[in-house]
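**Student:** Following is a predicted model, sequence given first.
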Amino acid sequence: MDADSHAIERVRTLIAAQGFARGSAQALRELSEAPPAERAAGLGYLATVHSERDDPSGASARFAEASAIDPRWGAFGRAWIAVRSGKPGEAASSLDECLAEGAGATLRGLAWHLRGVAALQDNRHEEAIAALLHAREALGDWEFMSGRVFDALGMVYAARDDATSALALFEAAKSMKERTGDELGLAVTCGNLGRLHFRWGQLGEAEACFREDLRLCGVLGDRRGAIVMSNWLAKVELARGAWSAAAQLLEQCAEEARAQGAMAALGFALQDLAFALLKLGRIDEASGRTEEAGTIFAQSNHADGAAHVARVRGLIAAARGQFDAARERLRTAFEHFAGAAQWPEAAQTRLDLARVMRAEGAPQEQVLAELSQATELAERSRRDALALAIEGELREVSELEFHRRRYLRLRGRPAEDDDLSLNTGVREVVSVLYLDFKGSTEYALKTAPDVVMREFNQLMAAFSGVLERQRPILCGYRGDGFLAVYRGADHATRAVGSALELFSAMGSFNLARDLVGKKPYQVRIGINSGEAFCGNVGTYARTDFTALGTTMNLGARIEPAAEVGVPCIGAATQALVGEAFECRGPRVISAKGFSEPIEVWDVIARRG
């Protein structure tokens, strides 16, 4: 920690010990006698506290005082206000000023942190992670700000639908904030944890986090924060189908938000209240609350709030039998959610559309098209409860399409394209990729099975984009990896390209584990090419597609010889890919079952 961070710590300590009013007054007295650089840093931090307490005039005054000492703190203030206002694009040039040569480590770290948050708001997740890692480096061992950086990293991974990594980062942030007594930051983390649990269907855990956040809001005197948390508790009741309990709580939220002049919170409380009233059959009351919420969001240009209102308006129109209006409003909501990459909300809205179309008697193929879109979006965001709800709707519409979807999930290809014969197959030249998690047995012995399953499935989700692009046939997942068979044109190039991309995805996944002190997953990949016999194995009760032959056996022997993080390929694969990849080798390995030494190459990178 440098002198600037010590000045910020002193301001923070005074506020924690004496409360905001007395502590900030004492901090101002002490800062008046501090060296200029430390005074600017302390004033800049104090401005952010005013902002977090919904005191924009106090924030502006403190930022102005800091800017008079060092204009870079004024630039930071402009960027802070832009990001807090949801306008990340307006922060870029000001943050560049903060990061210019000559800025102190503390200001640079705070600016990188803010740049990461701005990138997250713009859904630029890789840029956000890079900026936050720069922040962590600049801030060093300053645990107070490390907790806030980890919180932001957790938000990035949550936005990427990586709940496993997000949970670990939020828990680490929570521990840091507890150690440093950062109650304001702790309230933020509890809210983030609650929202994470809520969005993944863990309602009990979500409720506990929201209640802890609500308690902290009481300690801090944060009445607006308390309104937001009460609204989230009402959302938990909505998710449980407890419409009356939710409506009662939301009436209280709306009343308090109105009294506090918290218009955004009021809009969301009214929108959720309208949904609860609709479920209770009180359609006219629901419509009135929705219109009031719509007016609030229109006046503040709150696009996300307006989209949620449009969805509820669509549901109200459907309940009144106004199907044209219902479809129009739901499609308006969907366009916003899809444009903002809010895939669960987009999936839910497509499900709503399918239900409206069913209610109005639309042709079955149109309803099935909506459900297909909804399914793809739900699976993309990995929301089990939502995917199952859509499947349930699909089964009601068409038992045949429901089973076709299930078949596709189990076999990885449509039933129409499948051959279930146990006595025939085809000889063809393929490339096979064996992926194995090194040390998986030891890890599984030390880790709860449900945790192992969640982490494995999360990692497979990280791999899914690569596998969809390169189009192999997966011949089954194992607890320690999988086998993929690449057929058709450019099979060897696609297999080796996949391996490099899989390791890249692995690096992003392991980054979060490394940050929180968990052992990274170590992966080996072996690839071989040649003739194989492709067909089904099993019985008529259960079959699996696979490939058999010497090509497969040698591929399985090449994998253990691979270095962690470096694809290892056999001679046949190396001959097929030619100069497309930079390779190191050959080297010679002994392979069980093969009498002659085997030449292999390690793949370094793709050329060009």
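**Tutor:** Looks like it arrived, so ask away. Residues are numbered from 1 along each chain as shown.
**Student:** In the chain, where is pLDDT below threshold?
**Tutor:** Where the chain drops to pLDDT under 70, the residues are 1, 479.
**Student:** which one's the longest helix in it?
**Tutor:** In terms of residue count, the longest helix belonging to the chain (DSSP state H) is helix 491-515.
**Student:** so where do the helices sit in the stretch 351-500 of the chain?
**Tutor:** 364-381, 384-397, 399-411, 440-446, 449-470, 491-515 (DSSP state H, counting those that start in this stretch).
**Student:** Dump the C-alpha coordinates for the first one into PDB.
**Tutor:** Put plainly, it is helix 364-381. Taking C-alpha atoms only, helix 364-381 is exported to PDB below (Å, rounded to 0.1, in the frame of the first residue of the first chain):
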ATOM      1  CA  GLN A 364     -48.800 -26.100 -34.000                       C
ATOM      2  CA  GLU A 365     -45.700 -25.600 -36.200                       C
ATOM      3  CA  GLN A 366     -45.600 -21.900 -35.200                       C
ATOM      4  CA  VAL A 367     -45.800 -22.700 -31.500                       C
ATOM      5  CA  LEU A 368     -43.100 -25.400 -31.900                       C
ATOM      6  CA  ALA A 369     -40.900 -22.800 -33.600                       C
ATOM      7  CA  GLU A 370     -41.200 -20.500 -30.600                       C
ATOM      8  CA  LEU A 371     -40.500 -23.300 -28.200                       C
ATOM      9  CA  SER A 372     -37.500 -24.300 -30.100                       C
ATOM     10  CA  GLN A 373     -36.100 -20.800 -29.900                       C
ATOM     11  CA  ALA A 374     -36.900 -20.700 -26.200                       C
ATOM     12  CA  THR A 375     -35.100 -24.000 -25.600                       C
ATOM     13  CA  GLU A 376     -31.900 -22.900 -27.400                       C
ATOM     14  CA  LEU A 377     -31.800 -19.800 -25.300                       C
ATOM     15  CA  ALA A 378     -32.500 -21.600 -22.000                       C
ATOM     16  CA  GLU A 379     -29.800 -24.200 -22.700                       C
ATOM     17  CA  ARG A 380     -27.400 -21.400 -23.800                       C
ATOM     18  CA  SER A 381     -27.800 -19.900 -20.300                       C
END
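**Student:** So which other helices or strands are in contact with it?
**Tutor:** Applying 3 or more C-beta pairs under 8 Å, 6 or more residues apart in numbering; DSSP states H and E, we find helix 364-381 packed against helix 343-359, helix 384-397, helix 399-411. Quick note: C-beta positions are derived from backbone N, CA and C, even for glycine.
**Student:** can you count the residues close to residue 582?
**Tutor:** For residue 582, the count of nearby residues is 12 (other C-beta atoms under 10 Å).
**Student:** Got the phi and psi for it?
**Tutor:** With angles defined as degrees, to the nearest 10, residue 582 sits at phi -80, psi 120.
**Student:** Show the contacting residues for it.
**Tutor:** Contact partners of residue 582, counting by C-beta atoms under 8 Å, 6 or more residues apart in numbering, are 603-607.
**Student:** Need the nearest residue in space to residue 466, chain neighbours excluded.
**Tutor:** In space, and not counting its chain neighbours, residue 466 is closest to residue 501: 4.3 Å by C-beta to C-beta, 6 or more residues apart in numbering.
**Student:** Quick check: phi and psi at residue 541.
**Tutor:** Dihedral angles for residue 541 - degrees, to the nearest 10 - are phi -80, psi -30.
**Student:** Would you agree residue 470 is in contact with residue 492?
**Tutor:** No. Judged on C-beta atoms under 8 Å, residue 470 makes no contact with residue 492 at a distance of 11.4 Å.
**Student:** Overlap of the contact sets of those two?
**Tutor:** residue 486.
**Student:** Adjacent strands (with direction) for the longest strand seen in the chain?
**Tutor:** Longest strand in the chain, counting residues (DSSP state E): strand 522-539. Paired neighbours of strand 522-539 in the sheet (DSSP bridges): strand 425-438 (antiparallel), strand 542-548 (antiparallel), strand 568-570 (parallel).
**Student:** Just say which of these is most tucked in.
**Tutor:** The highest average neighbour count among those, using mean count of other C-beta atoms under 10 Å, belongs to strand 568-570 at a mean of 29.
**Student:** what element comes up after that strand heading to the C-terminus?
**Tutor:** Next in sequence after strand 568-570, counting helices and strands by DSSP states H and E, comes helix 571-577.
**Student:** can you pull the buried residues of that next one?
**Tutor:** Buried residues in helix 571-577, defined by neighbour count with 16 or more other C-beta atoms under 10 Å: 571-574, 576-577.
**Student:** and that helix, C-alpha only, in PDB?
**Tutor:** Output of helix 571-577 as PDB, limited to C-alpha atoms (Å, rounded to 0.1, in the frame of the first residue of the first chain):
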ATOM      1  CA  ALA A 571       2.500 -39.300 -37.100                       C
ATOM      2  CA  ALA A 572      -0.700 -39.800 -39.300                       C
ATOM      3  CA  THR A 573      -2.300 -36.600 -37.900                       C
ATOM      4  CA  GLN A 574       0.900 -34.600 -38.300                       C
ATOM      5  CA  ALA A 575       1.100 -35.700 -42.000                       C
ATOM      6  CA  LEU A 576      -2.500 -34.600 -42.600                       C
ATOM      7  CA  VAL A 577      -2.200 -31.100 -41.000                       C
END
